[in-house]
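A.B. asks: Could you look at this predicted model? Sequence included:
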Amino acid sequence: MDPDEAWRVCLKHLKDDLPTATFCMWLEPTICAGENNGALILHCPDNTYQWVRRRYGAKIGETVRTLTEYQGAYIRKARPVHAELF
């Protein structure tokens, strides 16, 4: 299972397990940026990063380990994308 598919599976499980408003505010904006050493790399928007790590980091890691072949997840701040319009 590729990292994006693995994260989609985990997100579906988390969505079913959490109140809708909580999921939409904190976890839905999180994206999978790939994998490293057998763990998913997840990027969170800057304004949700600390909260997601503190409140949901253990739950995310457990979900990833239970539902996929990955060993857990690294949760990082998403780097802003700078683009110039021409």
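C.D. replies: Yes, it's here.
A.B. asks: Just give me how far stretch 45-64 sits from the chain centre.
C.D. replies: When distances are taken as C-alpha atoms, centre = their mean, to the nearest Å, stretch 45-64 is centred 7 Å away from the chain's centroid.
A.B. asks: Please apply the same query to stretch 23-38.
C.D. replies: The answer for stretch 23-38 is 2 Å, by C-alpha atoms, centre = their mean.
A.B. asks: Using CSV, list the CA coordinates for that stretch.
C.D. replies: The C-alpha trace of stretch 23-38 is given here as CSV (Å, rounded to 0.1, in the frame of the first residue of the first chain):
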residue,chain,number,x,y,z
PHE,A,23,-12.1,15.6,12.5
CYS,A,24,-12.9,18.4,10.0
MET,A,25,-11.1,21.0,12.0
TRP,A,26,-8.0,19.2,13.1
LEU,A,27,-7.3,16.1,11.0
GLU,A,28,-8.9,16.6,7.6
PRO,A,29,-6.3,19.3,6.6
THR,A,30,-3.4,16.9,7.3
ILE,A,31,-1.8,15.4,4.2
CYS,A,32,0.6,12.6,3.6
ALA,A,33,3.9,13.8,2.2
GLY,A,34,5.4,10.3,1.7
GLU,A,35,7.3,7.9,4.0
ASN,A,36,10.6,7.6,5.6
ASN,A,37,12.2,4.6,7.3
GLY,A,38,8.8,2.7,7.3
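A.B. asks: What are the contacting residues of that stretch?
C.D. replies: Stretch 23-38 has contacts (C-beta atoms under 8 Å, 6 or more residues apart in numbering) with 3-4, 6-7, 11, 14-15, 18, 40-45, 48, 51-52, 55-56, 60, 70-71, 74-76, 78. From N, CA and C alone the C-beta is placed, and that goes for glycine too.
A.B. asks: Now do the buried residues in that stretch.
C.D. replies: Buried positions in stretch 23-38, judged by neighbour count with 16 or more other C-beta atoms under 10 Å: 23, 26-27, 30, 32-33, 35.
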